[in-house]
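Peer 1: I'll drop the sequence and a predicted model, then ask my questions.
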Amino acid sequence: MPNTPNKTFLVTGGAGFIGSHFCDFLLEKGHKVICIDNFLTSTPKNIAHLKDNKDFSFIEHDITIPIVIKGEVDYVLHLACPPSPIDFKKIPLKILEVGSFGTYNALNIAKEKKSVFLLASTSEVYGDPLVHPQPESYWGNVNPIGPRGCYDEAKRFSEALTMAYHRIYSLDTKIVRIFNTYGPRMRMDDGRVVPTFISQALSGKPLTVNGQGRQTRSFCYVSDLVEGIYLLALSKENEPVNIGNPHEMTVLDFAKKIISITGSKSEIVFKPALEDEPQIRQPDISKAKRLLNWQPKIGLDEGLKKTVEYFTARKEL
């Protein structure tokens, strides 16, 4: 893997699930990290182990408010944004603010510091896709006024704003479209299937499947995702790149796998389908393979065992 030692990375949302793993990864690579987070949906516990690291600094701040950063910054990684379905209902306005004002402020830091800018976008820009698997060239099938619109459109706007800065200011920008990612440090009340099913299975509660469970997902372990994002940040590519695991399975089959891995006696129950829930999701990662020489390494069983161990430890605390 290529490396650019002794660089300074500013990471918004650095105390979140993916952000905290990225901070760990960068520090292990010998970089300096400035982490910005306001703990809206994250927790200080995710970065508590880094407080004595001389190369790590933390700023508690809401990125939707402009901020002045002292010193040089080589890379700005804008990972901040509440990503969970429960957040879509609770804080839709804040999600839209982070995708607009937050992205604007992060871009301005990169512009001022002459940094490389990377936007963490999402597979949700494809909506409920009519093309399968989803390549970066697909424009998507999104309901802008539906219950998921706050997140989908915030990310689509962020992508448009990022490309505008690239074209107008010649800013070196990257866009990663993240597909379903899982691993330690996910919120137990996240609302997505991985923490929901694991929490239910460990508690002996029924696993709740929306609709008939025929909708598909592709799950990427967090360490694979972080590696892919890092390679993209160091690349010369300026247009969106999918990072995810192309192994696709139904939500019902995934629920059965969680029961098997946890050894739970939980049953599976079915709930009404959610409005605008994507029915298929599988990344076309041919671009990442070609440009970044990247593909996922961690199999689903291996990744889930690590994730279950984390949730088990959390449950015992």
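Peer 2: Cool, got the structure. Being a predicted model, the structure only gives us computed values, none of them experimental.
Peer 1: Could you measure from Val241 over to Tyr75?
Peer 2: 16 Å (Cβ to Cβ, to the nearest Å). Every residue, glycine included, has its C-beta placed from N, CA and C.
Peer 1: And the strands in the stretch 51-200 of the chain, which stretches?
Peer 2: 56-60, 75-78, 116-122, 173-178, 181-182 (DSSP state E, counting those that start in this stretch).
Peer 1: Could you quantify the relative orientation of the longest one and strand 173-178 as an angle?
Peer 2: Taking axes from the mean of the first three to the mean of the last three Cα atoms, to 10 degrees, one finds that strand 116-122 is oriented at 20 degrees with respect to strand 173-178.
Peer 1: then strand 116-122 to CSV, C-alphas only?
Peer 2: What follows is strand 116-122, C-alpha atoms only, in CSV (Å, rounded to 0.1, in the frame of the first residue of the first chain):
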residue,chain,number,x,y,z
VAL,A,116,-6.7,17.3,-0.8
PHE,A,117,-10.4,17.0,0.0
LEU,A,118,-12.3,13.7,0.4
LEU,A,119,-16.1,13.5,0.7
ALA,A,120,-17.6,10.5,2.3
SER,A,121,-20.7,10.0,0.2
THR,A,122,-23.0,6.9,0.1
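Peer 1: Look up how far Ala106 lies from the residue lying closest to Asn108 once chain neighbours are set aside.
Peer 2: Among residues not flanking Asn108 along the chain, Pro66 sits closest, at 7.3 Å (Cβ to Cβ, 6 or more residues apart in numbering). Distance of Pro66 to Ala106, given as Cβ to Cβ: 10 Å.
Peer 1: So for those two, which residue has more residues nearby?
Peer 2: Ala106 (30 against 11; other Cβ atoms under 10 Å).
Peer 1: The more buried one against Leu79, yeah?
Peer 2: No. At 9.5 Å, Ala106 does not count as touching Leu79 under the criterion of Cβ atoms under 8 Å.
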